[in-house]
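J.: Provide a 3D model corresponding to the input given below.
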Amino acid sequence: MITNSKIPTDLTTHDFFYDLPEELIAQTPADKRDGSRLLVLGRESGSITHRRFSDITEYFNAGDVLVINRSKVMPARLYGKREDTGADVEILLLRRHSANEWEALVKPGKKCRQGNRITFGNGELCAEIIQVLPDGNRLIRFEATDGESISEHIHRIGEMPLPPYITSRAADMSRYQTVYAKEEGSAAAPTAGLHFTPELLSKLEEKGVKIVSVLLHVGLGTFRPVKEVEITDHVMHAEWCSISEEAARTINQRTGRLIAVGTTSCRVLESVSDENGTVHPYEGETAIFIYPGYRFKAIQGLITNFHLPESTLIMLVSALAGRENVLRAYETAVKEKYRFFSFGDAMLIE
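T.: As a prediction, the model looks like this:
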């Protein structure tokens, strides 16, 4: 598993707080994927420019490489009942350990103990809690009583898990998947990529930009806030990631910049890069935690959304562009009434 050493810092979690009016939290996606607004932030200068996401091609040159995360959100939220009491139980699948075993968040956690069994639907799918993990998650084992596979059952009865700040389901849940999502396994969307359309990707390729995909299955860290006062006390949860030999070769042979789409792609690239910036093939877990003081080895730019206050994600973008620059950009975005979080507007750090 890849991690990074703790970097000394005087910053605390509260140093990444900003005031956000609730009405600026986007509840629905923009009418068109590339119709969102785009705030362009100069990484060195701190300059701020207001554009539309459809203008993103203007900021790329031939020889640049754009890295996307091809992970696909799975219907990871299941609703069942305790077999012994009939009480309602909610399960959020986080990581597959084997064909039938998953690590999951279970609610209500205190009442769901090892050995408890949960039934779903008409009882064709059951799950047993086989272990309570140290962080409070559960390891559960599924079994089906009919001819369907576990995966078929999950896809039939599961729901797409939206973040808790989105209070109603989108009319078109395909808008919570990127157009290039391929491999299922995420509990939340890599949301920076939601702005791209096939046409926009084609325009970039026509300019001579190479598009490379990596994989990071978004897990528990997306849902869990930073509760520690000291940043260095926070422990990142591991997420599965991979990058192929071909992808690494394309990145290493580029003649232009390396731009990551989203913090997930960024974390993969920084996890697999050596001190010289060379990217290496990898398949395994990463728990890399990037915050100010970190020296970026691979990327020169980042396309991202606007993140929650005091989150590991705003810490990452602050490491890339400077905390003062990022908080000033966020303050500007609030004044200009940008839309925030998963279904919100985008930022390009260049």
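J.: how about the spatially most central residue of the chain, what does it touch?
T.: In the chain, the centroid-proximal residue (C-alpha atoms, centre = their mean) is P190; its distance is 4.0 Å. Contact analysis of P190 by C-beta atoms under 8 Å, 6 or more residues apart in numbering lists N69, S71, T178, L216, V218, V261, G262, T264, S265. To be clear about C-beta, it is placed using only N, CA and C from the backbone, and glycine gets the same treatment.
J.: Report the separation between it and E239.
T.: P190 sits 11 Å away from E239, going by C-beta to C-beta, to the nearest Å.
J.: what's the overlap in contacts for those two?
T.: Residues touching both P190 and E239 (C-beta under 8 Å, 6+ apart): L216, V218.
J.: ok, and the closest non-adjacent residue to G46?
T.: Spatial nearest neighbour of G46, chain neighbours left out: N325 (4.2 Å); criterion: C-beta to C-beta, 6 or more residues apart in numbering.
J.: Please name every helix or strand in contact with the strand or helix carrying that neighbour.
T.: Assigned by DSSP states H and E, N325 belongs to helix 323-335. For helix 323-335, the elements it packs on are strand 37-41, strand 48-52, helix 312-321, judged by 3 or more C-beta pairs under 8 Å, 6 or more residues apart in numbering; DSSP states H and E.
J.: how about these in JSON lines, adding mean pLDDT and mean neighbour count?
T.: Formatted as JSON lines, those follow (pLDDT from 0 to 100; neighbours: other C-beta atoms under 10 Å):
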{"stretch": "strand 37-41", "mean pLDDT": "98", "mean neighbour count": "21"}
{"stretch": "strand 48-52", "mean pLDDT": "98", "mean neighbour count": "15"}
{"stretch": "helix 312-321", "mean pLDDT": "97", "mean neighbour count": "24"}
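J.: Adding distance to V272 as columns, could you present the ones you listed in JSON lines?
T.: As requested, the helices and strands packed on helix 323-335 are arranged in JSON lines below (distance: least, C-beta to C-beta, whole Å):
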{"stretch": "strand 37-41", "distance to V272": "25"}
{"stretch": "strand 48-52", "distance to V272": "31"}
{"stretch": "helix 312-321", "distance to V272": "16"}
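J.: how about those, which one is nearest M160?
T.: Closest to M160 of the helices and strands packed on helix 323-335 is helix 312-321 (C-beta to C-beta; 20.4 Å).
J.: can you give me the strands for the stretch 201-350 of the chain?
T.: Using DSSP state E, counting those that start in this stretch, the strands of the stretch 201-350 of the chain run over residues 210-216, 239-243, 258-261, 282-286, 301-305, 346-349.
J.: I'd like the ones you listed written out as TSV, with distance to F340, mean pLDDT and mean neighbour count added.
T.: Below are the strands of the stretch 201-350 of the chain laid out as TSV (distance: least, C-beta to C-beta, whole Å; pLDDT from 0 to 100; neighbours: other C-beta atoms under 10 Å):
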stretch	distance to F340	mean pLDDT	mean neighbour count
strand 210-216	22	98	22
strand 239-243	23	96	23
strand 258-261	18	98	26
strand 282-286	26	96	16
strand 301-305	8	98	24
strand 346-349	11	98	25
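J.: Of those, which is nearest E143?
T.: Among the strands of the stretch 201-350 of the chain, strand 239-243 comes nearest to E143, with 24.0 Å by C-beta to C-beta.
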